[in-house]
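**Student:** Please work out how this folds:
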Amino acid sequence: MINRRSTLKSMALGAVSTLAIAAVGISYAQAENKELKIGFVGVTSGPAAAWGTSNVRSMQTRAAWLNETGGVKIGNDTYNINIVTFDDQKDPKRAIAGMEKMAQEGIHYVVGPNVDDGAAAVRPVAEANGIIYFPYAFPKALYQKPASNAVLGMIANYQSGPAIYRYLKENKGVKKIAFVAANESDPLSQRDSGVEAAKALGLEVVAQNDTYQNDTRDFTPVLTPIVALKPDLLVLSGVAPANAPLLIRAARELGYEGLISTETAQDAKVLEEGAGEYANGFISVGGASTPEIASDEMKEFVTRYTKMFGEYN
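**Tutor:** Prediction:
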């Protein structure tokens, strides 16, 4: 018995030692990896915070996953990814400061900015410092010569808008369309593209000049004259995630029964919390695979994202 106990004890200690050595080996391996910094310059506060927050959380989720599985091999070296973030507060001047910070830290790959003004503002800094950046901004000039460093980060409004309008015209009987936009360059630009696309499809544009300030919280005065025109489709051009549910709720409470859409991405949780059942049927651009076509890797990404941040919208 003594010998058997001694043997079992030795085996147990040996197993623990093996695990400890393995863990130390992993730690040493990870410590030996070089560091690859990837930056984010975009909005994570204010009405449009959901756009940038989604970017950052997705980046952090993927980086943690890759680091956990040994890092990323580039050539003969292996790297752990470190995400460096900067909140530009949707201010072009802060976006420039953020990109300059990335340059100072030797970062050559940056996600963002999230809006047209910011993406255009950082272009000189990016090109001067060899930074490849992935803006969520739509002006074609950012992606055509002589511009050279920007990569379009999502489907543009001039791609999604016409497809949405055409589908609704052919399948939902939409004939009259109205636009409302924040009085800022991005939303106004998207509105103008939307109006052009709607007219090209033969839709009757009944409203296109109505605007609001981005800090508006009572949209009833803005929407009252538009609802009175009884459009079949109300387009919230370039709407910020925090404003979308307020506009939807105001329109529905005014008795609007038509369709509502936007060409910008939205946060499902924010819509649900702000508009409740009024958000049902709202059409927006999404950034994730539907469950039916999601790959196993995408499903694992969602699981990891949810574990890190509590929910995945």
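**Student:** How are the strands of the stretch 1-150 of the chain distributed by residue range?
**Tutor:** Assigned by DSSP state E, counting those that start in this stretch, the stretch 1-150 of the chain shows strands spanning 34-42, 72-74, 77-87, 109-111, 132-134.
**Student:** Put the alpha carbons of the longest one into CSV.
**Tutor:** In this case it means strand 77-87. Extracted in CSV, the C-alpha atoms of strand 77-87 (Å, rounded to 0.1, in the frame of the first residue of the first chain):
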residue,chain,number,x,y,z
ASP,A,77,8.3,36.1,-37.0
THR,A,78,5.3,35.5,-34.8
TYR,A,79,3.4,38.4,-33.3
ASN,A,80,0.8,39.0,-30.6
ILE,A,81,-1.7,41.7,-31.6
ASN,A,82,-2.1,44.7,-29.4
ILE,A,83,-5.1,47.0,-30.2
VAL,A,84,-4.5,50.7,-29.6
THR,A,85,-7.6,52.9,-29.6
PHE,A,86,-8.3,56.6,-29.9
ASP,A,87,-11.8,58.2,-29.5
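**Student:** Poorly predicted segments of the stretch 201-313 of the chain, please.
**Tutor:** For the stretch 201-313 of the chain, applying pLDDT under 70 flags the ranges 287-289.
**Student:** before we move on, back to that, so for K269, which of the strands of the stretch 1-150 of the chain sits nearest?
**Tutor:** Closest to K269 of these, according to Cβ to Cβ: strand 34-42, at 19.1 Å. The way it works is simple: take the backbone N, C-alpha and C, and place the C-beta from them, glycine included.
**Student:** That closest one pairs with which strands?
**Tutor:** Here strand 34-42 is paired, per DSSP bridges, with strand 77-87 (parallel), strand 109-111 (parallel).
**Student:** just the helices in the stretch 1-150 of the chain please.
**Tutor:** Taking DSSP state H, counting those that start in this stretch as the test, the helices found in the stretch 1-150 of the chain are 2-32, 49-68, 92-104, 116-121, 123-128.
**Student:** Ranked by average pLDDT, which of these falls at the bottom?
**Tutor:** In terms of average pLDDT, helix 2-32 trails the rest of these, at a mean of 45.
**Student:** need the contact list for the residue nearest the centre of the chain.
**Tutor:** Nearest to the centroid of the C-alpha atoms of the chain, with distances taken as Cα atoms, centre = their mean, sits W51, at 4.3 Å. By Cβ atoms under 8 Å, 6 or more residues apart in numbering, the residues touching W51 are G42, V43, N114, Y136, A240, P241, T264, A265.
**Student:** Wait, R123 touches L142, no?
**Tutor:** Yes. Assessed by Cβ atoms under 8 Å, R123 is found in contact with L142 at 6.9 Å.
**Student:** related to what we said a few turns ago, so which of the contacts of W51 comes closest to V56?
**Tutor:** Within those, proximity to V56 (Cβ to Cβ) peaks at G42, which comes in at 7.8 Å.
**Student:** Quick check: the closest one touching D88?
**Tutor:** Yes. Assessed by Cβ under 8 Å, G42 is found in contact with D88 at 6.0 Å.
**Student:** who's more crowded, those two?
**Tutor:** Per other Cβ atoms under 10 Å, whichever of G42 and D88 has more neighbours is G42, with 32 against 28.
**Student:** which residues does the more buried one bridge with?
**Tutor:** Beta bridges link G42 to D87, judged by DSSP bridges.
**Student:** Tell me the pLDDT of D88.
**Tutor:** Turning to D88, the model gives it a pLDDT of 98.
**Student:** didn't it look like it was pressed against P113?
**Tutor:** Yes. Applying Cβ under 8 Å, one finds D88 in contact with P113, separated by 5.9 Å.
**Student:** and for the two, which residues touch both?
**Tutor:** Residues touching both D88 and P113 (Cβ under 8 Å, 6+ apart): V41, G42, V43, A95, G98.
**Student:** quick one, strands of the stretch 151-300 of the chain?
**Tutor:** Along the stretch 151-300 of the chain, the stretches classed as strands by DSSP E, counting those that start in this stretch are 176-182, 204-212, 233-237, 259-265, 283-285.
**Student:** Given the last one, what are its sheet partners and their directions?
**Tutor:** This points to strand 283-285. When pairing is defined by DSSP bridges, strand 283-285 lines up against strand 259-265 (parallel).
**Student:** got the angle between the strand it pairs with and helix 49-68?
**Tutor:** 50 degrees (axes from the mean of the first three to the mean of the last three Cα atoms, to 10 degrees).
**Student:** List the neighbours of strand 259-265 that are in contact with it.
**Tutor:** Residues outside strand 259-265 that contact it (Cβ under 8 Å, 6+ apart) are 51, 54, 136, 154, 157, 160-161, 164, 168, 172, 174, 190, 194, 232-240, 244, 247-248, 251, 281-287.
**Student:** Also stretch 213-221?
**Tutor:** Identification of contacts with stretch 213-221 by Cβ under 8 Å, 6+ apart yields 47, 182-184, 212, 222, 240, 243, 246-247, 250-251, 253-254.
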